[in-house]
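Could you look at this predicted model? Sequence included:
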Amino acid sequence: MNQFCASAPHISEVVMMAAPGVILNPWADDAFSQATLTDDVNRNPVAPRQVSSLGWNEKGVTGKTIAIDLKDGGLDIVDSAPYNGVPTELTVDDGDSIPLNIPSHPARSVLYAAEVASRRGHGTVEPETVEARLAEHYEKHNAAHALTHEVDRIGALQGLVPKRANGVKYDLGASFGRSPLQKTADFANVNFDPIDFFRSLVDEQGEKSDGAMIEGWNVLVDSVRMRQLSTNKFVRDIWKAWQSTLITADMRTRGWEITEGVFVKQYMNNANVPGSDPVRKIFAPQMLVVPQIQGNLQTRFAPRQDFDYLGTEGVPVYMLGTPTPRNEALELYSESNHIHYVKRLELNTVVTQTV
């Protein structure tokens, strides 16, 4: 079996092994086609971040423009038309729907011939397979998309739709009079009782539910608020008891129950993520209280707007590989077209520190 040539000037001249006894040419083999790469990157598991693991209902749509309006007492999609197609007519509560262009989130990386040629699997003289090398790129692509959607979903919990570059494009809560409740609390005060605070809050919000089945409440906090809550004299014993019973990762994801039906979960505040866009820090408050309602958190993903995908239902991530002009590298490009919104936005609460 041929080996990678470490001195090969062009990636097409490098013999690429996909598996024992199998030789692949990245420019001719279907293993590097757009369909195969797209399928592979969507199969690659992404470790959910705290906000993304709340149970978002993800569905594909046939166009990159959708419309939001009040429907059945909450925010929802009122039409989803194929590109240059006719919107579906649905009965809505009023005629002030907002058309939204689903944003595109791209990610790129490059696989160089020399990079592949010089790698060896740990503990073996055999070259690392091309698939193994590509798998690292798949993980990077998915991690980039996952962080983007984490930030966008934190914004969605406040009713905010970001612009493609920076800032807020739409405030859905203000547009429809369904903004999240705004609360303040003195977390730094040693006599502040979080248990009483959350009991009062969920009672107040529960009265506005109009019969919606609320299964519980999630309190999403950053690392600062987590430290303040876990060391608070009213709840530190609860925190210690939860820490002593942690066995599985699922138990940590579920969070700790500060009072009946109210679970505290720590998310990664975008301001603390290396390399993150500083403009998008506006989508990362220090505490969000979100009800657990079936189908309340919604995500729509759209197709790429090119000839092959016009009018088709979207997939979470598209990916393709393109050789560089001198044929010495494979450029991997992926695109994720998502938008996120919350149906019962008014039942969410944004809690800030008392000034």
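Perfect, I can see it now.

Could you say which helix or strand holds the closest residue in space to L134 that isn't next to it in sequence?
In space, L134 comes closest to L111 once its chain neighbours are excluded; the distance is 6.8 Å by C-beta to C-beta, 6 or more residues apart in numbering. Just so you know, the C-beta spots here come from the backbone N, C-alpha and C atoms, and that holds for glycine as well. Per DSSP states H and E: L111 is located in strand 104-112.

now for that strand, which elements pack on it?
Under the contact definition 3 or more C-beta pairs under 8 Å, 6 or more residues apart in numbering; DSSP states H and E, strand 104-112 sits against helix 130-156, strand 329-342.

For the closest residue to H340 other than its chain neighbours, give me its contacts.
Excluding its sequence neighbours, the residue lying closest to H340 (C-beta to C-beta, 6+ apart) is A156, at 3.8 Å. Contact analysis of A156 by C-beta atoms under 8 Å, 6 or more residues apart in numbering lists 297, 340-342.

Please convert the residues you listed to TSV, extending it with distance to P99.
What follows is the contacts of A156, written out as TSV (distance: C-beta to C-beta, whole Å):
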residue	distance to P99
L297	21
H340	16
Y341	13
V342	18
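
between these, which is nearest D39?
H340 (23.8 Å; C-beta to C-beta).

my guess is the residue nearest to L134 contacts L332, does it?
Yes. L111 is within contact range of L332, at 6.4 Å (criterion: C-beta atoms under 8 Å).

shared neighbours of these two, anything?
134, 137, 321.

Show the buried residues in the residues you listed.
For these, a burial check counting by 16 or more other C-beta atoms under 10 Å picks out 134, 137, 321.

Could I get the pLDDT score of the second one?
This means H137. Listed pLDDT for H137 reads 76.

Enumerate every residue touching it.
Contacts of H137 by C-beta under 8 Å, 6+ apart are 109, 111, 332.

And the helices in the protein?
34-43, 113-117, 130-156, 172-176, 194-206, 223-230, 236-244, 249-254 (DSSP state H).

per-residue pLDDT, V110?
84.

shouldn't it be in contact with G321?
No. Contact criterion C-beta under 8 Å: V110 and G321 do not qualify, at 10.1 Å.

shared neighbours, the two?
Joint contacts of V110 and G321 (C-beta under 8 Å, 6+ apart) are 330-332.

where's the spatially most central residue of the chain relative to L288, distance?
The centre of the chain sits closest to H149, judged by C-alpha atoms, centre = their mean, with a distance of 2.8 Å. Counting by C-beta to C-beta, to the nearest Å, the gap from H149 to L288 is 16 Å.

what do you get for Q158?
From Q158 to L288 the distance is 7 Å (C-beta to C-beta).

Please enumerate the shared neighbours of those two.
In contact with both Q158 and L288: 348, 350, using C-beta under 8 Å, 6+ apart.

sorry, back to before: of the buried ones among the shared contacts of L111 and L332, closest to F263?
H137 (35.6 Å).

Counting neighbours, what do you get for S209?
14 (other C-beta atoms under 10 Å).

Show me where the stretch 251-355 of the chain has its strands.
256-259, 262-266, 287-293, 297-301, 318-323, 329-342, 349-353 (DSSP state E, counting those that start in this stretch).

closest to G73 out of those?
Closest among the strands of the stretch 251-355 of the chain, using C-beta to C-beta: strand 287-293, at 11.8 Å.

what's the angle from the closest one to strand 262-266?
130 degrees (axes from the mean of the first three to the mean of the last three C-alpha atoms, to 10 degrees).

Now do strand 287-293 against strand 329-342, angle only.
Using the same axes, to 10 degrees: strand 287-293 against strand 329-342 is 80 degrees.

Summarise which helices and strands strand 287-293 is packed against.
Packing partners of strand 287-293 (3+ C-beta pairs under 8 Å, 6+ apart): helix 194-206, strand 214-221, strand 349-353.

returning to that earlier point: paired strands for the strand holding L111, with orientation please.
strand 329-342 (antiparallel) (DSSP bridges).

average model confidence for the strand it pairs with?
Mean predicted confidence for strand 329-342 is 88.

how about it: buried residues?
Buried residues in strand 329-342 (16+ other C-beta under 10 Å): 329-330, 332-342.

Including distance to R199, could those go into a markdown table?
Listed next are the buried residues of strand 329-342 as a markdown table, based on distance: C-beta to C-beta, whole Å:
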| residue | distance to R199 |
| --- | --- |
| A329 | 59 |
| L330 | 57 |
| L332 | 50 |
| Y333 | 50 |
| S334 | 45 |
| E335 | 45 |
| S336 | 39 |
| N337 | 41 |
| H338 | 35 |
| I339 | 34 |
| H340 | 29 |
| Y341 | 29 |
| V342 | 23 |
